[in-house]
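# Give me a model of this one.
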Amino acid sequence: MTRPGQVPAGDIIEHMFDPSAPPPLRRAASPGAPGGTRRPGPPGWPDRVPPPEAPGWQVPAVGWLLDHCPSDYRMYAVWRRHPIALAWVTTHHLDAQLGGMRTAYRGLRVDLAEHVDPEGIAASLAALEAEGARLLAARRAAGLLLEAMQGHTFVPRL
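A predicted model of the protein is given here:
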């Protein structure tokens, strides 16, 4: 079956040199493929932060890092003056949060079995799983920011 404006598959060869024939429809390129839409930076790089080659990329990186730390950290000018220190501290905060999530996931059924019904336990475990996945992605992104601030260059792989 052909779509309007599409040349039937059997006629493609016959019409491939005919400039008046419409081109066959193509699939959209996948992200990262030539001509496709690609997220900035290496895989796992935060969406809101330009790639490390972009001028001034550390300013939005600092904002992203502060979003993943306790809100009181915004009061301290040292984190804006020394973004590499902020990136380092952020990775430690995210590691600690991941540890807490894992501990909560392991103990939730036993510790709350008498107080929460089975549906509540299942919903709580699902919420912990989702939060753990979010924290894991944030930890990867913070680690990439730290590496970039340390001067590491990212080389795309095929």
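
# From now on I want contacts and neighbour counts done on CA atoms only, so please keep to that.
Noted.

# helix/strand/coil for the residue nearest the centre of the chain?
Nearest to the centroid of the C-alpha atoms of the chain, with distances taken as Cα atoms, centre = their mean, sits G44, at 4.4 Å. Under DSSP: H, G, I helix; E, B strand; the rest coil, G44 falls in the coil class.

# who touches it in this structure?
A137, R140, A141, L144 (Cα atoms under 8 Å, 6 or more residues apart in numbering).

# What sits closest to the second one if chain neighbours are left out?
This means R140. G44 (6.3 Å; Cα to Cα, 6 or more residues apart in numbering).

# try the last one
Take L144 and drop its neighbours on the chain: the residue closest to it by Cα to Cα, 6+ apart is W45, 6.6 Å away.

# And that neighbour, how far from G143?
9 Å (Cα to Cα, to the nearest Å).

# next one: A54
18 Å.

# buried ones in stretch 108-127?
L108, R109, I121, S124, L125 (16 or more other Cα atoms under 10 Å).

# actually stretch 45-54, not the one I typed
Under 16+ other Cα under 10 Å, the buried positions of stretch 45-54 are W45, P46, V49, P50, P51, P52.

# Can you check the distance spanned by it, start to finish?
End to end - Cα to Cα - stretch 45-54 spans 13 Å.

# got a list of contacts for it?
Contacts of stretch 45-54 (Cα under 8 Å, 6+ apart): 39-41, 57-58, 60-61, 64, 138, 140-141, 144-145, 148.

# Could you report the separation of A104 from F154?
Taking Cα to Cα, one finds A104 at 35 Å from F154.

# What of V78?
27 Å.

# do I84 as well
Counting by Cα to Cα, the gap from I84 to F154 is 17 Å.

# Settle it for me: which of those two has more neighbours?
When I84 and F154 are compared for neighbours, I84 comes out ahead with 19 against 15, by other Cα atoms under 10 Å.

# Please look at the more buried one and L144 and confirm they touch.
No. Between I84 and L144 there is no contact under Cα atoms under 8 Å: 11.4 Å.

# What's the per-residue pLDDT of the closest residue in space to Y73 that isn't next to it in sequence here?
Using Cα to Cα, 6+ apart and skipping residues adjacent in sequence, the residue nearest Y73 is L66, 6.9 Å away. If you check L66, the pLDDT there is 97.
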